[in-house]
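K.L.:
Sequence first, predicted coordinates after that:
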Amino acid sequence: MEGALDRAGLAWWLAPALAMSLVLVAYGGSLDGGWVWDDHLLLQHNPALDAPWRLLTEDLFGPAGVPGNDYRPLVMLSFLPGHLLGLGAPFERALALLLHLLGVALVARLAQALGARNDAAWLGAAVVGVHPGLSEVVLWPSARQDLLPGLLMVGAALLWTRRRPWLAGLLLALTPFCKEPYLLAPLVLAVWSLGSRRLHPALLVPSLASAAYLALRAALDLPLPLGAARVALLGAVGASARRALGLGLGELPPDPLPIFHAAPLVGALALGAGVALLVASWGRPRVAVVTGPLLLVVPGAIAAAQSGLLGDRYLYPGFLAMGVAIALLASMLNDLRLRASLWLMPLAFAGITAAWAPAWGSDLRLFSAALDHDPGNDHAAFHLAHALHVYQGDCAAAAPLYARSLDVDPRAATNLQACLVQLGQPAQALALTERAAAAAPSNPNPAANGARAALATGDLSAATRWATEAVRRDPQDADNRVLLGNILGQQGQLSPARAQFEVALALDPAHAGAAAGIAACERREAQLRAP
């Protein structure tokens, strides 16, 4: 009777319809949100999107002038259509939701291919689809760096299970070009091979792709951040494992900016469990398919240890594996009514995610929620200060938040300088200049802020020194040239001042300050020549 229901009755179409509907309910209210966090640099104000070749030849943040080692060309190319058509953040959010729906369907199909019952397969997919711990990947456009390779991986797992190993290898070959941790894709395929007790020659495809990716990085002078290798592995893995357990056991809604706390004991237990799963994968395709994606959580844990923030997006491969595991476990329950009662879990998760999703609509809401969640989180304090300062123009509210985050983010000193100058406290801004300039040796802004602060206090000598340093750090910045010209002009050094204004005008022919500076120099020179 139950089998008939599964094949032809209500349960056959009700489970997928319910799973997809829950995902739409959970995330549909977030589609009108704007750009958040790194979106402003990567998507809203990224000059490389107007010159697509740069997306293939530069690191992720290179066009924004932020040095880094994140080379993810396929992800950046996926943003190109929306940019060229001017569709903005709502389009990218809608596209992320569509990709997530595809991922939910792939998890269900993978579970079915491994022998899960129809309703149980969609139950596992629904848990993944609406779990609040996965919300960052769906609600943050920039998190496509995790969403896209995750989909490729689960698609590869489905193809592998359906005995299309070469196509599976081809999909895995694309993943390193989406995010660096997927350089481990050959190891994932090797784990899947344990289920069939032999290494398939298709392993060569992702292996060659990973080698090609590394060679391309070397040619572009984008070395991997090998400093991450010095991170204590047990502590990093333990932090991720503890975070995953916390999310699974009810630490909801999730913290948008969870602070990294090393947990070596938990890490030892997690690695022990991982070794046990690897051993159990031999000759067991189901165990092997679930175990493979868990390898990709390890690089994410190391990255979190480096940054001090344990983003939930690093756990995405583990969540996908969790969905398949839930489906297989639920299939072991022979009572259809008992399996149906398990749908209360994704129903509850969908409600939590739907209530949480609006927080990802703007920087102000997101980082306010993060600070409310953990009042001691100084990383959250910095990002909230940045949102108040840059997007709200509220330096009075931002300044104390910048001050408390000076020790966790080197950008805080520079931003606090700018706010103090704006608030009419130039002496305090000038006192921060040495620290800010040392924290960002290539950034001209600390020096420029220091020059403005010194100028406001009447210290023309210090103003000249810092304005000169700002020009040295970025000779192509017309504003800093004009700043130095004005300071020199106030000291009666008309010829050097005029030279700075002329260079600024050559850099930016429409710069009104440069033109005004030249005119002022000419008037003053005329006055000096007059009898």
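P.N.:
Great, that's in hand. Numbering: from 1, shown residues only.
K.L.:
Which strands or helices does the longest helix seen in the chain pack on?
P.N.:
As assigned by DSSP state H, the longest helix anywhere in the chain is helix 88-113. Secondary-structure packing of helix 88-113 (3 or more Cβ pairs under 8 Å, 6 or more residues apart in numbering; DSSP states H and E): helix 10-27, helix 80-84, helix 118-130, helix 135-139, helix 144-161, helix 316-331. Heads up, the C-betas are built off the backbone N, CA and C, glycines and all.
K.L.:
switch the cut-off to 10 Å
P.N.:
In terms of contacts (3 or more Cβ pairs under 10 Å, 6 or more residues apart in numbering; DSSP states H and E), helix 88-113 is packed against helix 10-27, helix 73-78, helix 80-84, helix 118-130, helix 135-139, helix 144-161, helix 285-291, helix 316-331.
K.L.:
quick check, distance from that helix to the centre of its chain.
P.N.:
18 Å (Cα atoms, centre = their mean, to the nearest Å).
K.L.:
Return the residues in contact with Ala218.
P.N.:
Counting by Cβ atoms under 10 Å, 6 or more residues apart in numbering, Ala218 touches Leu224.
K.L.:
and it, helix, strand or coil?
P.N.:
Under DSSP: H, G, I helix; E, B strand; the rest coil, Ala218 falls in the helix class.
K.L.:
tell me, what residue is most central in the protein?
P.N.:
Ala143 (5.0 Å; Cα atoms, centre = their mean).
K.L.:
Pick the most buried one from the helices and strands packed on helix 88-113.
P.N.:
Counting by mean count of other Cβ atoms under 10 Å, helix 118-130 has the highest mean neighbour count of the helices and strands packed on helix 88-113, with a mean of 28.
K.L.:
Can you name every helix or strand that the helix or strand hosting Val191 contacts?
P.N.:
Using DSSP states H and E, Val191 maps to helix 185-195. Here helix 185-195 touches helix 144-161, helix 165-174, helix 204-219, helix 264-281, helix 285-291, going by 3+ Cβ pairs under 10 Å, 6+ apart.
K.L.:
Which helix or strand in the protein has the lowest average pLDDT?
P.N.:
helix 2-8 (a mean of 46; mean pLDDT, DSSP states H and E).
K.L.:
Ala51: neighbouring residues, count only.
P.N.:
Ala51 is flanked by 12 other residues according to other Cβ atoms under 10 Å.
K.L.:
next one: Leu85
P.N.:
Leu85, neighbours per other Cβ under 10 Å, totals 9.
K.L.:
when you give positions from now on, start the count at 29
P.N.:
Understood, numbering begins at 29; the last thing we discussed is Leu113.
K.L.:
Check whether it really touches Phe119, as I assumed.
P.N.:
Yes. Counting by Cβ atoms under 10 Å, Phe119 is a contact partner of Leu113 at 7.7 Å.
K.L.:
Spit out the contact partners of the closest residue to Ala298 other than its chain neighbours.
P.N.:
What sits nearest to Ala298 in space, not counting adjacent residues and going by Cβ to Cβ, 6 or more residues apart in numbering, is Ala269, at 3.9 Å. Ala269 makes contacts with 291, 294-299, 301-302, 325, 329, 343, 346, as judged by Cβ under 10 Å, 6+ apart.
K.L.:
Could you pull out the helices in the stretch 329-478 of the chain for me?
P.N.:
344-359, 364-369, 372-384, 391-401, 406-414, 423-432, 439-450, 454-459, 461-467, 473-485 (DSSP state H, counting those that start in this stretch).
K.L.:
Which elements pack onto the fourth one?
P.N.:
The contact analysis (3+ Cβ pairs under 10 Å, 6+ apart) places helix 391-401 against helix 406-414.
K.L.:
between the helix it packs on and helix 423-432, how many degrees?
P.N.:
Angle between the axes of helix 406-414 and helix 423-432 is 160 degrees (criterion: axes from the mean of the first three to the mean of the last three Cα atoms, to 10 degrees).
K.L.:
Which element, helix or strand, includes Arg500?
P.N.:
Applying DSSP H and E, one finds Arg500 within helix 488-501.
K.L.:
Which elements pack onto that helix?
P.N.:
helix 454-459, helix 461-467, helix 473-485, helix 506-518, helix 522-535.
K.L.:
tell me, how many neighbours does the residue nearest to Asn508 when sequence neighbours are not counted end up with?
P.N.:
Nearest non-adjacent residue to Asn508, counting by Cβ to Cβ, 6+ apart: Ala498, 4.3 Å away. For Ala498, the neighbour count with other Cβ under 10 Å is 27.
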